[in-house]
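Trainee: Sequence and predicted model, in that order:
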Amino acid sequence: MATSDRAVRQRDGVAIVDLPARIDASAEQTLNDSYGEAIAHGPGRIVLNFSGVDYLSSTGIALIVGILARSRKEGRQISAAGLSDHYREIFEITRLADFMKIFPDETAAVTG
């Protein structure tokens, strides 16, 4: 996998996962690898950075739900940052917003 497919960074003790532009069935391995990389250093908080996401399918939403379930079982807090208005509305309709805090941008997510 090319390194441009995913990026995991640490910022003030929080793992930031820069998500790929397309989150669909083809992104499953990328998401799982990124989550594994994010928890490798033991952060209790992970921010999923959606600012570069152009497309999120129903399968992609299911993949995000899987990450949320895994993190919840492991006692890790997941937040979302950079969702477009459209995807934020989808997260609210599907009740994903009930299971993670949603912030307008990465800085707010890290400090929040």
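Mentor: All right, it came through fine. Just so it is clear, the structure is predicted and the values come from calculations on it, not from any experiment.

Trainee: number of nearby residues for Gln10?
Mentor: 11 (other C-beta atoms under 10 Å). The C-beta positions use only the backbone N, C-alpha and C, and glycine is treated the same way.

Trainee: my guess is it is in a strand, correct?
Mentor: Yes. Looking at Gln10 with DSSP: H, G, I helix; E, B strand; the rest coil, it is inside a strand.

Trainee: which stretches of the protein aren't confidently modelled?
Mentor: 1-6 (pLDDT under 70).

Trainee: which residues in it form strands?
Mentor: Counting by DSSP state E, the chain has strands at residues 7-11, 14-18, 22-23, 45-49, 55-56, 77-81, 101-103.

Trainee: Dump those into TSV; add distance to Leu31 as well.
Mentor: Shown next, in TSV, are the strands of the chain (distance: least, C-beta to C-beta, whole Å):
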stretch	distance to Leu31
strand 7-11	11
strand 14-18	8
strand 22-23	7
strand 45-49	9
strand 55-56	12
strand 77-81	12
strand 101-103	18
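
Trainee: Tell me which of these is the most buried.
Mentor: strand 45-49 (a mean of 24; mean count of other C-beta atoms under 10 Å).

Trainee: Nearest residue to Asp12 in space, please, no chain neighbours.
Mentor: Val110 (5.4 Å; C-beta to C-beta, 6 or more residues apart in numbering).
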